[in-house]
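1. Sequence and predicted model, in that order:
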Amino acid sequence: MEHEKKRFLSYICPHCRQSVIVERDLFSLAASTNHIKCPCGKSELTVDFMPNRVQLTVPCLFCGREHTVSCPSHAFIREKALAFSCAASGLDCCYVGEEGPVYAATARLEQAVDKLEEDAEEKGAFLDEIVMHEVLSEIKDIAQRGGISCACGSRNWTFQVNYSSVDLICAECGAQMRVPAATADDIDDICCKTNLLIRGKEKE
Ligand SMILES: [Zn+2]
Ligand SMILES: [Zn+2]
Ligand SMILES: [Zn+2]
């Protein structure tokens, strides 16, 4: 059947925050591991056909990690819209399906992201307030010891607090580094660091 030959896949890039929506035919998806890259080049979704399942690795905007998710092959091939979600935030991080439903779901997710980021900025509404508080105070400690720098050599930086992460931004070259602030693991991760290096703009 015609409509079963194409699949649309989408996710939101954690680096540039653009939605990445692509169309792939099932033959090329099944042939080998697919790397679906954001045009910014800093994140990619991978799709792997296993014997009975399809496995995806999804870069997550919300928690800054990568999620490995899977579903039965027949669902991947036939469902109008499949949603995969982030275990830390419970929010969707990837859609697979037909064109219309995938575009609609992605547009709704974009709106949800805008709303969450607005609330984070205005009301200090975070995924987990305690985690955010701890992560911010760790960043402050590292900064006080002069531990934050950029690969370009700059030590001038600013930061932006998001719903479930903090972005460190180099004031010289604009490079960004996302520090996840979603779960207790994120506190452990940053606790053991004495330096944070913002990577300069990477080349492909
Ligand atoms: Zn991107
Ligand atoms: Zn996540
Ligand atoms: Zn820099």
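-> Ah, there it is. Ligands and ions are numbered 1, 2, ... in the order given.

2. Could you see whether ligand 2 lies near stretch 101-116?
-> No: judged by CB under 5 Å from the ion, stretch 101-116 and ligand 2 are separated, with a smallest distance of 12.3 Å. For glycine as for every other residue, the C-beta is placed from the backbone atoms N, C-alpha and C.

3. Touching that stretch from outside, list them.
-> By CB atoms under 8 Å, 6 or more residues apart in numbering, the residues outside stretch 101-116 that reach it are 8-10, 12, 17, 19, 21, 61, 80-81, 83, 91-92, 95-96, 125, 163.

4. distance of residue 26 from residue 77?
-> Separation of residue 26 from residue 77 (CB to CB, to the nearest Å): 6 Å.

5. Show me the helices in this protein, by range?
-> Counting by DSSP state H, the chain has helices at residues 26-31, 73-78, 99-123, 129-144, 184-191.

6. The first one packs against which elements?
-> In terms of contact count using 3 or more CB pairs under 8 Å, 6 or more residues apart in numbering; DSSP states H and E, helix 26-31 is assigned the packing partners strand 6-12, strand 44-49.

7. need these in JSON lines with distance to ligand 2, mean pLDDT and mean neighbour count, can you?
-> Converted to JSON lines, the helices and strands packed on helix 26-31 look like this (distance: least, CB to the ion, whole Å; pLDDT from 0 to 100; neighbours: other CB atoms under 10 Å):
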{"stretch": "strand 6-12", "distance to ligand 2": "11", "mean pLDDT": "97", "mean neighbour count": "22"}
{"stretch": "strand 44-49", "distance to ligand 2": "13", "mean pLDDT": "97", "mean neighbour count": "19"}
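
8. May I have the phi/psi pair for residue 33?
-> Per-residue torsions, residue 33: phi -60, psi 130 (degrees, to the nearest 10).

9. How about the contacts made by it?
-> 46-48.

10. picking up where we left off before, relative to ligand 3, which of the helices and strands packed on helix 26-31 is closest?
-> strand 44-49 (23.2 Å; CB to the ion).

11. How about exporting the lowest-mean-pLDDT helix or strand in the chain as PDB, limited to the C-alpha atoms?
-> Least confident element among the helices and strands of the chain, by mean pLDDT, DSSP states H and E: strand 176-180 (a mean of 90). The C-alpha coordinates for strand 176-180 follow below in PDB (Å, rounded to 0.1, in the frame of the first residue of the first chain):
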ATOM      1  CA  GLN A 176      26.800  26.700  24.100                       C
ATOM      2  CA  MET A 177      26.900  23.900  26.600                       C
ATOM      3  CA  ARG A 178      23.800  22.300  28.100                       C
ATOM      4  CA  VAL A 179      24.000  21.200  31.700                       C
ATOM      5  CA  PRO A 180      21.100  18.900  32.400                       C
END
